[in-house]
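Student: Mind looking at a prediction? Sequence and model below.
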Amino acid sequence: MYIPTIPVPGEFAGRRALVTGGSRGVGAAVAQRLISGGATVVTSARTRADETPKDAEFISADIRTADGARQLVDAAVAALGGLDILVNNAGAARAHFGEIPDVEWEDSLAINFLSAVRVTNAALPALQQADRAAIVNVSSGVAADPPAPMLHYGSAKAALASWSKGLATQLAPAGVRVNTVTLGMVETPGGTELLQSVAQAMGGSAQQAYSAVPLGRGGDPRDAAEAIAFLASDRAQWIAGADLHTNGGA
C-alpha cells in the first residue's frame, strides 16, 4: 500500500516546469507533485485526460517530430516566462509477439528516445538562462533486460539512458543538471494491461509480477513522482549524471 507523503512547502516556489507525457499516469503525478511544491507547470500530451492536473497549463503536442517538439517548447516557454525544470516523461510501449515491424521500431525510437532529444535541444536556450536548471529523463528497467515482445521499447529506453549520461557531462559546466529515473513496474491502467499481456505470453500474470517485487507491490505513480521531484529539486544540487532506479528493489 502506498503511504502518501507531504511535499516540502515551497520547495519549488518560483520554479517553472515542463512535463512531457503529463496528461495521466506518472506524468500527471509528477506535474501534481511539482505544483504541490509551488512550481508553475505546463504539461503536454496529444490529448488531455481526466487525471491531467487542473492547476497545470495543458498544451496539446505531438513531439515525435522535431517541429512538434520545437512548437511545444516555444509555447511552454512563452506561457511560463522561462524554464527551470524539464521532465522528459513522454513514452509509449506496445508489445509485439513475433517479428517487430520496422514502423514500430521507428515509432518507438521517435517517442521513447528522440522526443526527449528534440525537446531538450529546443529547451536548452531557456534552461541555460535559468538559475539551477534541472532535466530529468524517465527510463525503464526494461532497458536493461527487455523481454522479446518489448525489444523495441527497451532498446529506445536504453538509448535514452546512455544519452542522458553523456548529456549530463556536457551540460554540467553550464549549471544544468541532467539525471535519469529508471522505473520498474508502476501500476497504471495502461501499464498493467501491457504487463498482463506480456506476462500471459510467458506463462504468468501481472499480479504474480507485482507480487515478486521485493518490497511486495507494484509502484504507485506517486512513487515515481517523488523520485523525479527529488532529482529536480535543490536537495539534489550536487547530483548529475545519476540513474536512480525506482523499482521496489526489483
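Tutor: Sure thing, it's come through.
Student: rest of the way, CA atoms for contacts and neighbours
Tutor: Noted.
Student: farthest residue from the center of this structure?
Tutor: Here the chain reaches farthest from its C-alpha mean at residue 203, the gap being 29.5 Å by Cα atoms, centre = their mean.
Student: And the pLDDT at that residue?
Tutor: Looking at residue 203, its pLDDT reads 80.
Student: pLDDT below threshold where in the chain?
Tutor: For the chain, not a single residue meets the criterion pLDDT under 70.
Student: how near is the residue farthest from the centre of the chain to residue 196?
Tutor: Using Cα to Cα, to the nearest Å, residue 203 is found at 10 Å from residue 196.
Student: can you pull out the helices in the protein?
Tutor: 25-36, 66-80, 102-109, 115-129, 151-171, 189-201, 206-211, 221-232 (DSSP state H).
Student: out of those, deepest packed?
Tutor: Of the helices of the chain, the one with the most neighbours on average (mean count of other Cα atoms under 10 Å) is helix 25-36, at a mean of 25.
Student: what packs against that helix?
Tutor: strand 16-20, strand 40-45, helix 221-232 (3 or more Cα pairs under 8 Å, 6 or more residues apart in numbering; DSSP states H and E).
Student: what's that helix in contact with?
Tutor: With contact meaning Cα atoms under 8 Å, 6 or more residues apart in numbering, helix 25-36 is reached by 7, 9, 12, 17, 19-22, 40-43, 51-53, 55-56, 89-90, 188, 221-222, 224-226, 228-229.
Student: Could I have the ChimeraX command that selects the buried members from the residues you listed?
Tutor: To isolate the buried ones among the contacts of helix 25-36 in ChimeraX, judged by 16 or more other Cα atoms under 10 Å, type:
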select :7,12,17,19,20,21,22,40,41,42,43,52,53,56,89,90,188,221,222,224,225,226,228,229
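Student: so how far is residue 31 from the most centrally placed residue in the chain?
Tutor: Nearest to the geometric centre of the chain sits residue 89, at 2.3 Å (Cα atoms, centre = their mean). Distance from residue 89 to residue 31, counting by Cα to Cα: 11 Å.
Student: Over to residue 191?
Tutor: Residue 191 is 19 Å from residue 31, by Cα to Cα.
Student: how does the chain divide into domains?
Tutor: The chain is divided into the following domains under automatic domain parsing: 16-184+221-236+241-245, 188-218.
Student: on that earlier part again, hey, what's in contact with both of residue 89 and residue 31?
Tutor: By Cα under 8 Å, 6+ apart, residue 89 and residue 31 have these common neighbours: 19, 22.
Student: Residue 33 versus the closest residue to residue 221 other than its chain neighbours, what's the distance?
Tutor: Take residue 221 and drop its neighbours on the chain: the residue closest to it by Cα to Cα, 6 or more residues apart in numbering is residue 26, 4.7 Å away. From residue 26 across to residue 33, the span is 10 Å (Cα to Cα).
Student: what's the answer for residue 127, then?
Tutor: 20 Å.
Student: now swap in residue 211 and tell me
Tutor: Using Cα to Cα, residue 211 is found at 27 Å from residue 33.
Student: Repeat that for residue 241.
Tutor: Counting by Cα to Cα, the gap from residue 241 to residue 33 is 22 Å.
Student: The residue lying closest to residue 155 once chain neighbours are set aside: neighbour count?
Tutor: Distances taken as Cα to Cα, 6+ apart place residue 143 nearest to residue 155, at 6.0 Å, with adjacent residues excluded. Residue neighbour count, defined by other Cα atoms under 10 Å, stands at 22 for residue 143.
Student: Residue 143 and residue 162 touch, don't they?
Tutor: No: judged on Cα atoms under 8 Å, residue 143 makes no contact with residue 162 at a distance of 10.4 Å.
Student: that older thread, let me see the contact set for the residue nearest to the centre of the chain.
Tutor: For residue 89, the contact set (Cα under 8 Å, 6+ apart) comprises 19-22, 26-27, 137-138.
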